[in-house]
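Q: mind folding the following:
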Amino acid sequence: MATKTPDTTKMARLQPVIDWLLAVFQRHSGLMAILAFVSGIASYVLIDRKESIAQFIAVFMLASWVLLVADSWLRASLAQRFGWNLSPIVIRFLTQLVHQESLFFALPFFLAVTSWDHGQAVFTGLLLLCALVSIIDPLYYKVLATRYALFVAFHTFALFIVLLVILPLLLQLTTQQSLIAAIIAALLFSLPSLDRVLPPGRWWRLPLLFSMLCLMAFTLWQVRSWIPPAGIRLTDITISHQVDTEQRLAGANIDQLTVGDLQQGLYAWTAVRAPRGLREQVHHVWILNGREVDRIVLDIRGGREAGYRAWSHKLIFPPYPAGNWQVQVVTESGRLIGLTRFQVLKDPGL
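A: Below is the predicted model:
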């Protein structure tokens, strides 16, 4: 006759409490999404104030994903040591809970930096859609969870999103470093899920899995300009004929000028906020009628409340400069931080 160990006895006593907590979470799953969203806002604010609790929240988010990936090992360990078997329903609910926490936690970071007149609006719109799906049970369980390939894509996207936010918090990475690390980590963490998609015992299984990973990494890197750089934002941008270099202040903003006025030269003055206090390289990209005509590299330092102020001075323009201009502020990896537009008109009488 089997005897119960002290650990098994303790777990047996705790199991009704844990079951009750899970039942409460299931009845109020929408509340968990709200709490995740609030924690995301709190982390965003606390980063600016350099509080350690923001890093603590990031560690918690990462730990929840590690536990989710290790669910098979965790279930086997609990059953072997404590005799406690987690039902598939509980596992599905916990997976949904982690998705909700990840998406709603990251949402404030992306909403704060998205340029809505750019392709970034598509990325952040997709994030909003996924966040809504995660809290609407009929969509999550009857549409998403029943299509395993779609569920794996959703799962990988949620992990990718949260890694873009927490890696800079924990490791003080630049936006380029965090993007590369997030792509690699998301693909590695998704391996167990991708492995279940492919049929077992086929010789082409491993090459196909490797090809899928490469395709996903290539796709994410190709659309990187549409991924808002969470944690770094443009607080101001001005196109002007002059800049006070001592006070580091721009003159009056220009949104329209003539070709003759353009010959005086133009300053693109920007204030970029990098609240983690890191050093980041950004580019001022001058674009005429959709074509890049110049790119000027600047180094910024985070930590200023209003943003680190820097500018580029452009004196040389194309022979026919009339048209619609943009100055885009992008990271080293090509991710848009913000932009401004102005128009150059032909001189009267020409």
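Q: state whether Ile254 is indeed within a strand.
A: No - when DSSP: H, G, I helix; E, B strand; the rest coil is applied, Ile254 is found to be coil, with no strand at that position.
Q: who touches it in this structure?
A: Under the criterion of Cβ atoms under 8 Å, 6 or more residues apart in numbering, the neighbours of Ile254 are Ile239, Ser240, His241, Leu266, Phe342. The way it works is simple: take the backbone N, C-alpha and C, and place the C-beta from them, glycine included.
Q: which ones among the residues you listed are found in helices?
A: Counting by DSSP state H, the contacts of Ile254 place none of their members in helices.
Q: what's the most distant pair in the residues you listed?
A: For the contacts of Ile254, the farthest-apart pair by Cβ to Cβ is His241 and Phe342; their separation is 11.8 Å.
Q: all helices of the chain, in order?
A: If you assign secondary structure with DSSP H, the helices in the chain sit at 6-27, 29-48, 52-69, 71-82, 88-113, 120-135, 137, 148-171, 175-189, 191-197, 205-222, 259-262.
Q: on contacts alone, who are the packing partners of the fifth one?
A: In other words, helix 88-113. Counting contacts by 3 or more Cβ pairs under 8 Å, 6 or more residues apart in numbering; DSSP states H and E, the secondary-structure elements packed against helix 88-113 are helix 6-27, helix 29-48, helix 52-69, helix 71-82, helix 120-135, helix 148-171, strand 233-240.
Q: give me the buried positions along it.
A: Within helix 88-113, the residues that qualify as buried by neighbour count (16 or more other Cβ atoms under 10 Å) are 93-111, 113.
Q: spatially nearest residue to Lys314, not counting backbone neighbours?
A: The shortest distance from Lys314 to any non-neighbouring residue, by Cβ to Cβ, 6 or more residues apart in numbering, is to Leu266 (5.3 Å).
Q: ok, now Asp299?
A: Nearest non-adjacent residue to Asp299, counting by Cβ to Cβ, 6+ apart: Gln281, 5.6 Å away.
Q: surely that neighbour meets Ile296?
A: No - with contact defined as Cβ atoms under 8 Å, Gln281 and Ile296 do not form a contacting pair (11.3 Å).
Q: give me the buried subset of the contacts of Ile254.
A: Buried by 16+ other Cβ under 10 Å: Ile239, Ser240, Leu266, Phe342, out of those.
Q: contacting residues around the third one?
A: This means Leu266. Contacts for Leu266 (Cβ under 8 Å, 6+ apart) come out as Ile239, Ser240, His241, Ile254, His313, Lys314.
Q: just checking, the second one touches Ala250?
A: Okay, so that is Ser240. Yes - contact criterion Cβ under 8 Å: Ser240 and Ala250 qualify, at 4.7 Å.
Q: any shared contact partners between these two?
A: Contact with both Ser240 and Ala250 is made by residues Tyr267, Trp269, according to Cβ under 8 Å, 6+ apart.
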